[in-house]
Each structure stands twice: as structure tokens, then as C-alpha cells.
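Participant: Only the shape, not the letters, is given here:
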């Protein structure tokens, strides 16, 4: 922020005045400045490539990590595109790749009839629409007590999105089925890599269990519009129920492989390593998301609400399974009340909105929620601390105090 400085004319006037007058004048100015409230720091502006998003609903951590405010999710299940978070492991490729979306090409390997397909080819092979939770692996990192390095996301590195594209299983069938020995589905992103370094040290290439191809989608549309460049357009691999890093943007290669990729982002990155330890292949990979929920309203930033009827509302997800139940606590988990899901059920990979109407008297409350999936798995009270701050689903760390007056 620029500091106000006296102009040169004013300095000359003071220099020509009596010393006592100058001292008195400066003293009055200093006192006035001390008494005046500090000007609020300017909010970081949205980077140009996402300038179309709603600034009022976003928290800009860096140019590649932009979070949705907790109060901005709304209650209509699908997260509006202009409020959806941004997380890029590498700078996006040049926006010219969406000038002719149908021309983008992707190689398919590890099938009986390997082939390079354009988006236009894929559009002729099939069409499906699904809703999935897209959630950064580090969502909730800011709540871990060990304070692992990385963006201190709260809940806003997530959203529920409608994708349209062709099912991967349809593409595999059209190319003769999987080749023998396939154990993983490996996606490679189309980001431009710096010259002169080993690509595997920086490239975005992830392997997930081969069974995921049955539910996966090659998407060219998001929330009814062509897939935005900032979110992976013209083509993105969607792996339902798996954390965001596995949903490869700008996908240029889809391979069914016997081994996991040797790329660092898979081999040592995004591993559930002990706190302070570097990840290695012996540590579990960051793959499936857990049962999770949190309260969005009243939002923590609301501070104080009026006594009376309050609609406590939020979102809940089951990872790869549908949800069975959602509970809300007003006293930090000492007691629970069953809430109800609201709105349509968009499938097991989408999140559900929930609400609990309560009449609150003046006082202090601690709001928390916990979800249960159809296999009776409850959301955990606390997720294990880990080196990367990944997959924080603990209901206790997502709880927050509320004052009712």
C-alpha cells in the first residue's frame, strides 16, 4: 500500500516557518494519523485467467490457489462455475488450446486397439452427464494442528460439479477392451513443461486403480458450458470419488498400465506420509475421498446471529458411496440431532445439502456436523496428521463457535 508523502511545496513551506510552528504542525499531523483507522488492505485481485469468477465469493491465496468462501456455496447443490475453486500444480497451457476445442487430441494406450482420438472423435462415441464432488486433496489442511506446509485451505477447495462427456468405459469398449495386465489407469496432463529438466520431476501424471475406469468420464462440458480453460478445458479426466489431483486437466494421454507412473507427483508426491517425512511409494497414495461434511450457514464469519429460529445448513459427501444420514451438534459433539437432506439426490458421487431448523437462545454454541454413508461408516472425529496435510475429513476440526444474542 502506498504511503502518503508531503509534496515538495509543503516541505518548503514548513522549512520557511518558525521552528515552533513547524513542530506544532507536525505534532498535530502525527496525532491525527495515529488516531485515524488504518486503511484496509486491498484484497488480492483475481488473476487474469480467472477474472470471470466472482471476486466477492473467492479467497485468493496465490495465482494458482483460489478458494471459495464458506458462505458462498449456496443451497442449490451444484457449485456455480464462477465460485468454483482453483488449484493448479503447473501453469495452465496457453489459452489458444480452446480456440478449436474439437481438435484437441488424446492418445489412448493399454487397450487392444491403441489410437489417438480428437475431442470431435470422442463426441461421436457417446455422451453422459454426472455430478461429482471435485475436492483438492489439501482441502481442510488449515485445520491440522501440525500446520503442514502448503495452502491453508479451510473448506473452500471443493465444489459439486455437473460434467458432460463420454464414459471411459465406452471408449475402452470401442477400442477392443483393455490389454492384458492392466492394473492402473494413468492420465497425463497437457501442461507445457520447462525445457532442460526431467519431465517426470514436474509433469502432472497420476495413476489410479484400473477399476476406476468403469465410472470415469472424459469431460468437455462443465455446468452446462464448454469446459473452461482454467478448469482443464478442452478435455479433462474425471475420476469420481477421488481427490482433485487425480482428475487430470488438459488430458493428452490415457494409458492402462501394469505399473504406477514414475512421475514424482505420484511416486513421492500426494502420499499419506508421517508428519515431517517425505513421501515414498510405501505410503498410501492420495486417492479416494472420505465421508465428510461441514456447516456453511450460519457461516463462521457471521460472528453473531439473533436469537430465534436458525436454519443450520451445509454439505455432506460420501466419497465413492451414497450417504445414509447426517447429524448436527450444537455443543461440539456432546450431543447430536439428525438433520435432513434437502434437494435432489444427484448420485453417489455428488454431495448432499442438509438442514436442521433450531430455535437458539442467547448464548455460546459450537456447531459441528457428521455424515454417515450407506455402509454405516461415520465421518471420523479426527483425521490423521500427515506430511502433506491431505484428506482432512475430521468433523471436530471443521466445527466452529457461534454467538447468539
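Facilitator: Sure, I can see it. Predicted, not measured: the structure shown is a model, and the values here were computed from it.

Participant: What's the local residue count around residue 377?
Facilitator: Neighbour count of residue 377, defined by other CB atoms under 10 Å: 15. (Each C-beta comes from the backbone N, C-alpha and C, glycine too.)

Participant: Does it touch residue 320 like I think?
Facilitator: No: the pair residue 377 / residue 320 is not scored as a contact, 10.9 Å apart, by CB atoms under 8 Å.

Participant: sec struct for residue 200, please.
Facilitator: Look at residue 200: counting by DSSP: H, G, I helix; E, B strand; the rest coil, its state is helix.

Participant: ok, so what distance separates residue 340 from residue 298?
Facilitator: 18 Å (CB to CB, to the nearest Å).

Participant: Who has more neighbours out of these two?
Facilitator: residue 298 (22 against 12).

Participant: List the beta-bridge partners for the residue lying closest to the more buried one once chain neighbours are set aside.
Facilitator: Of all residues not flanking residue 298 in the chain, residue 305 sits nearest, at 5.1 Å (CB to CB, 6 or more residues apart in numbering). Taking DSSP bridges as the rule, residue 305 bridges to residue 404.

Participant: Show me how far stretch 189-206 is from its chain's centre.
Facilitator: 22 Å (CA atoms, centre = their mean, to the nearest Å).

Participant: in that stretch, what's buried?
Facilitator: 189-191, 193, 202-206 (16 or more other CB atoms under 10 Å).

Participant: what secondary structure does the closest residue to residue 143 other than its chain neighbours sit in?
Facilitator: Using CB to CB, 6+ apart and skipping the chain neighbours, the partner closest in space to residue 143 is residue 397 (3.7 Å). Classification of residue 397 by three-state DSSP places it in coil.

Participant: where does residue 397 land on pLDDT?
Facilitator: Predicted confidence (pLDDT) for residue 397: 97.

Participant: next one: residue 44
Facilitator: Here the pLDDT value assigned to residue 44 is 86.

Participant: quick one: contacts for it?
Facilitator: Applying CB atoms under 8 Å, 6 or more residues apart in numbering, we find residue 44 in contact with residue 60.

Participant: which stretches of this protein have low pLDDT?
Facilitator: 1-42 (pLDDT under 70).

Participant: what residues are up against the most centrally placed residue in it?
Facilitator: When CA atoms, centre = their mean is applied to the chain, the residue found nearest the centroid is residue 157 (2.5 Å). Listed by CB under 8 Å, 6+ apart, the contact partners of residue 157 are 65, 67-68, 85, 87, 135-136, 138-139, 151, 244.

Participant: Now that we have those residues, which of them are buried?
Facilitator: Among those, those that count as buried by neighbour count (16+ other CB under 10 Å) are 65, 67-68, 85, 87, 135-136, 138-139, 151, 244.

Participant: nearest residue to residue 212 other than its sequence neighbours?
Facilitator: Nearest residue to residue 212 in three dimensions, chain neighbours excluded: residue 239, at 5.2 Å (CB to CB, 6+ apart).

Participant: What of residue 250?
Facilitator: Leaving aside its chain neighbours, residue 250 sits nearest to residue 190 (3.5 Å; criterion: CB to CB, 6+ apart).

Participant: what residues are up against that neighbour?
Facilitator: Residue 190 makes contacts with 93, 97, 104, 249-252, as judged by CB under 8 Å, 6+ apart.
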